[in-house]
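Chemist: Have a look at this prediction, sequence included:
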Amino acid sequence: MNKTHDTDNLLTVEDLNIVYEADGEVTKAVSGLSLSLKKGETLGLIGETGAGKTTTALGLMRLVPNPPGRVVSGKVMYEGQDLMQATEDEMRGIRGNKISMIFQDPMTSLNPVMTVGDQISEVIMIHQDVTKAESVEKSKEMLELVGIPGARAGDFPHQFSGGMKQRVVIAIALACNPNLLIADEPTTALDVTIQAQVLDLMKELKDKYNTAMIMITHDLGVVAQVCDKVAIMYAGEIVESGAIRDVYENTQHPYTKGLFGSIPNLDSDEDRLNPIKGLMPDPTNLPSGCRFHPRCPDATAICAKVKPEPVITESGHMSRCLNSLPAALDERQDDVQELKMVAGA
Amino acid sequence: MHKFIFKRLILLVPVLLGVSLLVFAIMSFTPGDPAQLILGENAPAPAVEALREEMGLNDPFIMRYANFVGNAVTGDMGRSYTTGREVATEIFDRFPNTLILAALGTIIAIVIGVPVGILSATRQYSWIDSSSMIMALLGVSMPNFWLGLMLILVFSVTLGWLPSGGFMGWSSLILPALTLGTGSAAIITRMTRSSMLEVIRQDYIRTARAKGVAENVVINKHALKNALIPVITVVGLQFGYLLGGAVLTETVYSWPGVGRMMVDAIRQKDSPTVLATVVFLATTFSLVNLSVDILYGFVDPRIKSQYA
């Protein structure tokens, strides 16, 4: 899926590598990440805490805190422009305007000493050629759009509940009608009933404005509900990606299978959860070969030695596993057979 | 807000009563007879006794204190034992000198401390940061009186540019204000830096950047206002301290301020002057703190909503 240079792709990320460097220790937060997104499409980015999801999102916006973070290499093509080569000025024109971000914790992502109206109108003032009065008017409209009375524009964030704050964050993100919205676990900090409301709101607005979205989450249910495509991240890599139907119904990677397996089934009699054994590897000291092999139930000797390359089916279903190679890729299969023999010898 | 200010002003009454009672007790129970002091060491005993009776010094302690408070409420703080002048008048004559010095010192401290602190925080671990932190450490560690003497040595004695003391126009203000400002500037620099460092790691700063806000606006608008609360606290404390505690600097520069008046009075056991200056400085200190608390409300709406 990374090899296809579709012209109708809104966003194409190729081989993105991001590291954090501190005290001579290099943490590979994101390695060889590739993904693509068409206009209006929604991609779910799934993974455990520490898998590199947020770093990926910040990397796309070129907001990885530096130091200690650094984008080592990679291409982020957005509307034909490589964001990694853009100047800081160009990036400022893109942030909040063409690409917006919704952050995880609404409690801390709004400035406590500015009114919510000012925080919305600020982004409008920066990116659009409007007067102060017009931007204030527009910020009230945005509040109404997310279900908050416009009269509350003069209130400060501490006067709102968590769910309403997240609505304000959404209003800020959508104020300039971006083509791409990156939502970093937008509902994690909210309680369940509010989660559903906020998700519905995002889905509704996304459909209304045909906004493409990258939805970062660890909730497989949310992905199934909202997304068209899904990418599973493990230890900084995408291990499986594809259309929702492909990944959910024809799961290839053992890690993805493990994730689905750990969801408790209401109908079964089991009273214990079925987790993936072990913990995420230390990102400063990643295992050799396949990064998942120490925890993988299907791992063989070769998995510790050979690094699996992404294998992609015709429908664009990618998996990064030596064992789940589809028959369509016989050539690679042969390579692996050979390698297996070498490893076995 | 008005209710909050009113409440705080009412609270000032017990504070001042406590302060004055404490000082009054110390001055009363320490050795040394004021009557003897006024009449001189060689005065005859009957004359001293007569004066004691006249001054009410033979009354019980509680009565003397009650008399003092009664008079103080009407604005009569008594007469100095040494100069015989009205103490209140003398304080009000000298207070403008102290106020102008403290204000100037504080302004110098803010003008240096806040920008350097911001610069240090936004360029953490750079040479700018390291050198300003070394300067700040020097500023904090250097004793005021020593810095004062050194400045006099350089600018008054060697170069002859500025007067070494007394009050002879605006040029006399420069050296004492610099002396006072340096220590405070160092403290304000350190406080601004650490507060700013904490704020620029907050999520809402990331939000501002994600909105496409220019970096200088992120720092000066989004971050600074959030970082100001601890800085304002320190500025307030420093200003209060300069108003009351600039004793050493006032002494070094023979500055006719309230701090030096208080120290001279203590040395001479001039009780009315000591009491009046202490009560006066306690009042100004409390008022400065009240202003700081009110200022918080303007900076942070969360605090303002608590004042309602």
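Modeler: All right, it came through fine. Numbers count the residues shown, from 1 in each chain, chains lettered A, B, ... in the order given.

Chemist: First-to-last residue distance for stretch A:233-253?
Modeler: Start-to-end span of stretch A:233-253 (C-alpha to C-alpha, to the nearest Å) is 11 Å.

Chemist: quick one: average confidence on stretch A:112-132?
Modeler: Stretch A:112-132 carries an average pLDDT of 92.

Chemist: And for that stretch, what's in contact with it?
Modeler: With C-beta atoms under 8 Å, 6 or more residues apart in numbering or on different chains as the test, stretch A:112-132 has contacts from A:92-93, A:96-97, A:110-111, A:135-136, A:138-140, A:142-143, A:152-158, A:160, A:168, A:171-172, A:175-176, B:204, B:211-213, B:222, B:225-226, B:299-302. Using the backbone N, CA and C atoms, a C-beta is placed for each residue, glycine as well.

Chemist: repeat for stretch B:72-90
Modeler: Applying C-beta under 8 Å, 6+ apart, the contact partners of stretch B:72-90 are B:20, B:34, B:37-38, B:68, B:71, B:91, B:261, B:265, B:268-273, B:275-277, B:279.

Chemist: what's the least confident helix or strand in the chain, going by average pLDDT?
Modeler: Just so you know, I chose chain A. helix A:330-344 (a mean of 56; mean pLDDT, DSSP states H and E).

Chemist: Can you look at chain B instead?
Modeler: When the helices and strands of chain B are scored by mean pLDDT, DSSP H and E, helix B:34-39 comes last with a mean of 78.

Chemist: what kind of secondary structure is the residue in the stretch 51-200 of chain B that chain A sits nearest to in?
Modeler: Residue of the stretch 51-200 of chain B nearest chain A, by C-beta to the nearest C-beta: B:Tyr125 (8.6 Å). Following DSSP: H, G, I helix; E, B strand; the rest coil, the label given to B:Tyr125 is coil.

Chemist: What of the one 5 residues further on?
Modeler: Using three-state DSSP, the structure places B:Ser130 in helix.

Chemist: how many neighbours does it have?
Modeler: Neighbour count for B:Ser130, taken as other C-beta atoms under 10 Å in any protein chain shown: 13.

Chemist: same thing with B:Gly160?
Modeler: Going by other C-beta under 10 Å, the residues that sit close to B:Gly160 add up to 9.

Chemist: likewise B:Leu17?
Modeler: B:Leu17: 13 neighbours (other C-beta under 10 Å).

Chemist: same check, this time on A:Asp246
Modeler: By other C-beta under 10 Å, the residues close to A:Asp246 number 20.

Chemist: check contacts around it.
Modeler: Contacts of A:Asp246 (C-beta under 8 Å, 6+ apart): A:313, A:315-317.

Chemist: And for A:Thr27?
Modeler: Here A:Thr27 is in contact with A:19-21, A:283-284 (C-beta under 8 Å, 6+ apart).

Chemist: returning to that earlier point: show me the contacts of stretch B:72-90 that map onto strands.
Modeler: Per DSSP state E, strands hold no members of the contacts of stretch B:72-90.

Chemist: Tell me where the stretch 201-345 of chain A has helices.
Modeler: Using DSSP state H, counting those that start in this stretch, the helices assigned to the stretch 201-345 of chain A run over residues A:220-226, A:244-249, A:254-261, A:330-344.

Chemist: Ends of stretch A:266-274, what's the gap?
Modeler: Stretch A:266-274 end-to-end distance (C-alpha to C-alpha) = 13 Å.

Chemist: For A:Leu110, see how far away the residue nearest to B:Pro301 when sequence neighbours are not counted is.
Modeler: Leaving out its chain neighbours, the residue that sits closest to B:Pro301 by C-beta to C-beta, 6 or more residues apart in numbering or on different chains is A:Phe156, at 4.3 Å. Remark: distance between A:Phe156 and A:Leu110 (C-beta to C-beta, to the nearest Å) = 9 Å.

Chemist: B:Gly78 now?
Modeler: Using C-beta to C-beta, we find B:Gly78 at a distance of 57 Å from A:Leu110.

Chemist: now A:Ile194
Modeler: In terms of C-beta to C-beta, A:Ile194 sits 16 Å off from A:Leu110.

Chemist: do B:Pro230 as well
Modeler: Applying C-beta to C-beta to B:Pro230 and A:Leu110 gives a distance of 21 Å.

Chemist: Which one of these two is surrounded by more residues?
Modeler: A side-by-side neighbour count of B:Pro230 and A:Leu110, using other C-beta under 10 Å, places A:Leu110 first with 24 against 14.

Chemist: hang on, the earlier thing: list the buried residues of whatever helix or strand comes next after the least confident helix or strand of chain B.
Modeler: Following helix B:34-39 in sequence order, the next helix or strand is helix B:45-55 (DSSP states H and E). For helix B:45-55, the neighbour count (16 or more other C-beta atoms under 10 Å in any protein chain shown) marks B:48, B:51-52 as buried.
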